[in-house]
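Visitor: model this:
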Amino acid sequence: MYATGGMNEAPYMSVNKKILVINTGGTIGMVPTPQGYAPQKEAFHALLDALPELHFDAMPRWDIVDMDPLLDSSNITVVEWNAIGRMIAGHYDAYDGFVILHGTDTMAYTASALSFMLRNSRKPVILTGSQIPLCEIRNDARDNIITALLIAASDHIHEVCLYFGGKLLRGNRTIKYSADDLIAFESPNYPPLAEAGIAIRINRAALLPPARGRFCLQPLKNVPIGVIKVFPGIQFELFDSIMTERLRGIVIETFGAGNIPGHANALLPIIRKASDNGTIIIVCSQCPHGAVSLGAYETSSALRSAGAVSGYDITTEAAVAKLYYLFSRGLSTDEIRARMERSLRGEMTVAR
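Guide: Numbers count the residues shown, from 1 in each chain. Predicted structure coming up:
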């Protein structure tokens with residue numbers, strides 16, 4: 001059962017829908033070994049086949065493909081993002097939706113990256129995983145897989161999402177906020193797209209509309225990007241040596257609404273130098289909730305004058321992915337700066 005706008009329940013059938021499951025690795029498909037939990041393709045396939053719910057008539061038909069090798073998500077890089085993107089693009093016309101099984105540690109990064117890479121996609125792409133492997137008697141994997149498949153067969157979803165712990169979140173709005181809770185992800189500045197209780201209730205007002213234009217994949221280039229987290233007593237001069245022309249983008253996680261320590265006179269010349277070199281500097285907040293507002297305080301207005309751009313309420317995960325994407329488009333520095341302050345895939349709320 002689905003409920004949409006206004007939360008009025010409406011029946012939904014996934015008859016004749018076909019979903020491709022892409023297994024990248026992660027806890028969800030791991031089994032015990034003498035060296036600890038490790039991914040094993042054959043054992044995981046057998047566990048899936050043994051779930052009777054996956055073969056009910058009300059379920060969409062599904063196929064599974066595996067990345068080689070299967071990886072712990074801490075080892076996922078731009079190379080794997082491109083491989084996942086190619087799998088989706090290569091099967092785009094043959095399937096109605098996609099479910100990506102992924103480890104939780106970097107799932108929000110992958111979800112953010114795919115949201116930019118899959119240009120003009122009109123099909124659901126749902127990332128999910130689990131905190132406890134499917135092989136264990138007590139696990140969260142079973143529900144996450146079943147519900148992700150049902151949502152991937154929905155006619156309402158036209159974007160990259162992350163389903164976990166009963167909530168469907170916009171992929172590029174998510175952060176992992178718990179290492180051991182079964183509700184491991186949060187979307188701090190955007191409401192859930194759907195919630196799975198007795199019914200799967202869809203928040204239609206929060207969804208992106210179907211994209212226009214022809215679907216295509218934008219592969220990512222592995223350009224040098226860095227992240228700096230501001231902390232009390234930080235010695236900014238230590239970062240001067242990395243601010244070379246080779247560094248293409250940098251995300252600065254500041255205090256509050258974009259503030260830096262008052263003694264940060266050492267930082268501003270470094271930022272000006274980097275900006276003059278063509279490095280894109282985006283300012284994010286360390287606070288999960290709320291947004292950067294450059295110029296609201298004296299300490300943040302200096303960042304703007306030094307050449308930094310505002311990330312508003314974008315997550316660090318999405319900011320990193322967006323930088324990779326825009327540099328991979330071959331755009332000019334001025335165009336990248338402008339687009340970093342615009343919402344491209346619903347990843348940020350731009351101040352008016």
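
Visitor: Ends of stretch 261-269, what's the gap?
Guide: Stretch 261-269 has its terminal residues 14 Å apart, counting by C-alpha to C-alpha, to the nearest Å.

Visitor: model confidence over it, on average?
Guide: If you average the pLDDT over stretch 261-269, you get 71.

Visitor: Show the residue spans covered by the strands in the stretch 101-250 of the chain.
Guide: Here the stretch 101-250 of the chain has its strands, by DSSP state E, counting those that start in this stretch, at 118-119, 125-128, 160-164, 167-170, 175-176, 185-186, 194-196, 200-202, 216-217, 225-229, 249-254.

Visitor: how about TSV for those, with mean neighbour count, mean pLDDT and distance to Glu136 added?
Guide: Every residue, glycine included, has its C-beta placed from N, CA and C. As requested, those are arranged in TSV below (neighbours: other C-beta atoms under 10 Å; pLDDT from 0 to 100; distance: least, C-beta to C-beta, whole Å):
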stretch	mean neighbour count	mean pLDDT	distance to Glu136
strand 118-119	21	98	33
strand 125-128	28	98	17
strand 160-164	29	98	17
strand 167-170	25	98	22
strand 175-176	18	97	20
strand 185-186	22	97	20
strand 194-196	21	97	21
strand 200-202	22	96	25
strand 216-217	15	98	36
strand 225-229	16	93	34
strand 249-254	23	94	36
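
Visitor: Make TSV from those and add distance to Glu335 to it.
Guide: Converted to TSV, the strands of the stretch 101-250 of the chain look like this (distance: least, C-beta to C-beta, whole Å):
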stretch	distance to Glu335
strand 118-119	16
strand 125-128	26
strand 160-164	23
strand 167-170	25
strand 175-176	28
strand 185-186	32
strand 194-196	34
strand 200-202	35
strand 216-217	19
strand 225-229	17
strand 249-254	14
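
Visitor: Quick one: closest of these to Leu268.
Guide: Of all the strands of the stretch 101-250 of the chain, strand 249-254 sits nearest to Leu268, with 11.7 Å by C-beta to C-beta.

Visitor: Could you tell me the angle between the closest one and strand 225-229?
Guide: 10 degrees (axes from the mean of the first three to the mean of the last three C-alpha atoms, to 10 degrees).

Visitor: any idea which helix or strand comes after strand 249-254?
Guide: Beyond strand 249-254 on the C-terminal side, the first helix or strand identified by DSSP states H and E is helix 267-276.

Visitor: Flag the shaky bits of the stretch 251-352 of the chain, pLDDT-wise.
Guide: Residue ranges of the stretch 251-352 of the chain with pLDDT under 70: 262-265, 297-300, 352.

Visitor: Now do the helices in it.
Guide: Using DSSP state H, counting those that start in this stretch, the helices found in the stretch 251-352 of the chain span residues 267-276, 298-305, 316-328, 333-340.

Visitor: cool, and the stretch 51-200 of the chain?
Guide: Listed in chain order, the helices of the stretch 51-200 of the chain (DSSP H, counting those that start in this stretch) span residues 78-90, 107-117, 141-152.

Visitor: hmm, back to that, just so I know, which of the strands of the stretch 101-250 of the chain lies nearest Met59?
Guide: Relative to Met59, the nearest member of those by C-beta to C-beta is strand 200-202, separated by 13.4 Å.

Visitor: partners of that closest one in the sheet?
Guide: According to DSSP bridges, strand 200-202 has the following sheet partners: strand 2-4 (parallel), strand 194-196 (antiparallel).

Visitor: So what touches the last one?
Guide: Which is strand 194-196. Defining contact as C-beta atoms under 8 Å, 6 or more residues apart in numbering, one finds that strand 194-196 is touched by 143, 147, 151, 163, 166-168, 200-203.

Visitor: quick check: domain ranges of the protein?
Guide: Domains of the chain are assigned by automatic domain parsing as 2-217, 225-340.

Visitor: I'd say Gly171 and Cys161 touch.
Guide: Yes - the pair Gly171 and Cys161 qualifies as a contact (C-beta atoms under 8 Å) at a distance of 5.4 Å.

Visitor: follow-up on the earlier one: need the winner for burial among the helices of the stretch 251-352 of the chain.
Guide: With neighbours taken as mean count of other C-beta atoms under 10 Å, the helices of the stretch 251-352 of the chain reach their highest mean count in helix 316-328, at a mean of 24.

Visitor: Quick check: Asn116 vs Leu323, distance?
Guide: You called it Asn, but residue 116 is Phe. With distances taken as C-beta to C-beta, to the nearest Å, Phe116 is found 10 Å from Leu323.

Visitor: Tabulate the contacts of strand 194-196 in CSV, adding columns for distance to Ile22.
Guide: Output for these, formatted as CSV (distance: C-beta to C-beta, whole Å):
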residue, distance to Ile22
Asp143, 19
Thr147, 17
Ile151, 15
Tyr163, 14
Gly166, 22
Lys167, 21
Leu168, 18
Ile200, 22
Arg201, 27
Ile202, 23
Asn203, 26
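
Visitor: Of those, just say which sits nearest to Val283.
Guide: Within the contacts of strand 194-196, distances to Val283 taken as C-beta to C-beta reach their minimum at Lys167, with 28.3 Å.

Visitor: For that closest one, give me its contacts.
Guide: Lys167 makes contact with 183, 185, 187, 192, 194-196 under the criterion C-beta under 8 Å, 6+ apart.
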